[in-house]
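S.K.: have a look at this prediction, sequence included:
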Number of protein chains: 2
Amino acid sequence: MSPSSTYHHGDLRAACLRAARELLEEDGSAGLSLRAVARRAGVSATAPYRHYADREALVSAVAAEGYRELATHLAQAHPAPSTPDELAAVAVAYVQFALKHPALFRAMFAEPCDPTSEERVAATAAISEYVRTIVAATFPDGDADALSTTVWALVHGLAFLHLDGKLDSSTPEIVAAQVTSAVHALFHAAAAVSGTVATAQPGV
Amino acid sequence: MSPSSTYHHGDLRAACLRAARELLEEDGSAGLSLRAVARRAGVSATAPYRHYADREALVSAVAAEGYRELATHLAQAHPAPSTPDELAAVAVAYVQFALKHPALFRAMFAEPCDPTSEERVAATAAISEYVRTIVAATFPDGDADALSTTVWALVHGLAFLHLDGKLDSSTPEIVAAQVTSAVHALFHAAAAVSGTVATAQPGV
DNA sequence: TCCCTGATGTGAACGATGTATACATCTTAG
DNA sequence: CTAAGATGTATACATCGTTCACATCAGGGA
């Protein structure tokens, strides 16, 4: 705590996490190097090794933080959805999170996830469970496991296709309409097939 | 053509592509270094630069090849699907391709795709168009753009969730049943909600 | 109070990587 | 046959992840 001590950082672990997160947002995954993190934290290149086994461990920690942020972001869209419309709002929030934090989202899902990061698997299990719960609340009579998997896959796929520029992401409204219509299509296939989802994006 | 000439390779461009593809399958994305490619092709470290501007360009070329392989793989599942069942078979082929070539699939979709690789955008546009075509053939009365986007997103998301170990991928049969039921759920939402998709995977 | 042990940060060093530059070698068009 | 362009080589540099020996600090037991 003494102000004269510039040797010890105080909370390098958190500082590294913050720096890594910033670098990810600024320069993408390529910019996230351990040395850059150390520089930004104002510390020697090897100091982070006292708190993270290797680069992979740091990335996993950032990803785990991302999972938690995603969870709160979804909860903000609607705390306890129980209708298809409310569930669609959560789905829109999911995709918009991905578009707002593309590099973070890719770190969370695109890189091969090592199963040794228990912090990471816990966070993803929490999200998976959350999705299952709200789907079950919306469709109490359905097969919650199967349906929630389908919903998650649909929304997850929409997020990635948007990230890859395969869909029209020009405005948040277009994205929201796209996601909403896709989710409703899943719940009301007949309506989708008969042309009710014409608000969707205009092609690839 | 003279056999004494070991100096010029003959077709380094193709050799690099093949080597890169092999390294990707063997060691994943991390193992795909330009120098390793050069070593495998039996050539100096900087020789590949005569054929690829940088590492990114090589990866894009591999990804483009992957798109074409995926297209033929889907066509083999069914050349011209026109029923929900046939379309589901194509969807199963999509996911199984991802599971069979995880690193390649990630290179195709998980890394930020630079729009300057026209070979790459052409290949993805071809796939997108292909999906739209077969969905339109299966549902001639629907909004082909909207519905094909939804189908693609669903299948794409299933592929990624399987790749990340979020779903049960223990046997090809389980995966096939999972994908089939999800696709059918999209086309017959009422049936899905009432529990007809019970063949799906047993949780996360 | 002293000091000593463990936690934390530093510095130099190694091998690997992407890439630029200058040079060598081959192929082929005129 | 030769000159020019295409293709491959050698060398070099900055950066990166990581290891190891060492320095510095904080806190508890004597």
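M.R.: Yes, it's here.

S.K.: does stretch A:82-100 reach chain B?
M.R.: No: Stretch A:82-100 is not in contact with chain B by CB under 8 Å from any CB of the partner chain; minimum separation 9.7 Å. Placement of C-beta: from N, CA and C, glycine included.

S.K.: name the residues of that stretch that come out as buried.
M.R.: For stretch A:82-100, burial by neighbour count (16 or more other CB atoms under 10 Å in any protein chain shown) applies to A:84, A:86-98.

S.K.: and for stretch A:134-146?
M.R.: For stretch A:134-146, the neighbour count (16+ other CB under 10 Å) marks A:134-136, A:138-139, A:142-146 as buried.

S.K.: what's the end-to-end length of that stretch?
M.R.: With CA to CA, to the nearest Å as the measure, stretch A:134-146 spans 13 Å from end to end.

S.K.: for that stretch, what is the distance to the chain centroid?
M.R.: Averaging C-alpha positions (CA atoms, centre = their mean, to the nearest Å) puts stretch A:134-146 22 Å from its chain's average.

S.K.: quick one: is it near chain B?
M.R.: Yes: using CB under 8 Å from any CB, stretch A:134-146 comes into contact with chain B via A:139, A:141-143, A:145-146.

S.K.: what is the nearest of the residues you listed to DNA strand D?
M.R.: Lowest distance from DNA strand D to the residues of stretch A:134-146 next to chain B (CB to the nearest atom of the strand) belongs to A:Asp145, with 37.2 Å.

S.K.: domains in chain A, by residue range?
M.R.: Annotated domains of chain A cover A:8-52, A:55-193 [automatic domain parsing].

S.K.: most tightly surrounded among the ones you listed?
M.R.: domain A:55-193 (a mean of 20; mean count of other CB atoms under 10 Å in any protein chain shown).

S.K.: want to throw the buried residues of stretch A:134-146 into TSV with secondary structure?
M.R.: Listed next are these as TSV, based on DSSP: H, G, I helix; E, B strand; the rest coil:
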residue	secondary structure
A:Ile134	helix
A:Val135	helix
A:Ala136	helix
A:Thr138	helix
A:Phe139	coil
A:Gly142	coil
A:Asp143	coil
A:Ala144	helix
A:Asp145	helix
A:Ala146	helix
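
S.K.: and the residues you listed, which is the shakiest by pLDDT?
M.R.: Lowest pLDDT among the buried residues of stretch A:134-146: A:Gly142, with 80.

S.K.: so where's chain A shaky on pLDDT?
M.R.: A:1-5, A:7, A:113-115, A:188-204 (pLDDT under 70).

S.K.: try 90 this time
M.R.: Counting by pLDDT under 90, chain A has low-confidence residues at A:1-10, A:109-125, A:139-148, A:164-168, A:184-204.

S.K.: which parts of it sit against DNA strand C?
M.R.: Within chain A, the positions near DNA strand C by CB under 7 Å from any atom of the strand are A:7-10, A:12, A:43-47, A:50-51.

S.K.: many thanks, we can stop here.
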